[in-house]
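Undergrad: Fold the following.
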Amino acid sequence: MKCTAREWLRVTTVLFMARAIPAMVVPNATLLEKLLEKYMDEDGEWWTAKQRGKRAITDNDMQSILDLHNKLRSQVYPTASNMEYMTWDVELERSAESWAESCLW
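TA: As a prediction, the model looks like this:
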């Protein structure tokens, strides 16, 4: 039984795709949709430019975002042996907010 390089490439590609595709699928899209709906305007658009103002994220939404992020991170292949969980960093939030306020629109 002789395998050519082309056959090995095909087998390797199929095995890689079989492992990679499930990691690309968002397992809980309804949670993302519910979070997004909270921040949409009356017309159902979230991407249009609006007047700048404080856009506070609730504590529950912060935790939901972090939980989903950590869940998706844990499903990445190859898995890490000691993957640390992300936590919300208030100082980083302030820094990002400061940078955003300096943007010229």
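
Undergrad: for this protein, what helix or strand is lowest in average pLDDT?
TA: helix 5-24 (a mean of 62; mean pLDDT, DSSP states H and E).

Undergrad: can you map out the helices along the protein?
TA: Under the criterion DSSP state H, the chain contains helices at 5-24, 29-38, 59-74, 90-101.

Undergrad: Next, find the distance separating M86 from P78.
TA: Using C-beta to C-beta, to the nearest Å, M86 is found at 19 Å from P78. (Each C-beta comes from the backbone N, C-alpha and C, glycine too.)

Undergrad: Give me the more crowded residue out of these two.
TA: More neighbours surround M86 than the other of M86 and P78, with 12 against 6 (other C-beta atoms under 10 Å).

Undergrad: My guess is the more buried one contacts L68. True?
TA: No: when contacts are counted by C-beta atoms under 8 Å, M86 is not listed as touching L68 (10.5 Å).

Undergrad: Tell me which residues touch S98, please.
TA: The contact partners of S98, by C-beta atoms under 8 Å, 6 or more residues apart in numbering, come to none.

Undergrad: And W88, by the same measure?
TA: 62-63, 66.

Undergrad: pLDDT value on it, please?
TA: W88 is assigned 86 on the pLDDT scale.
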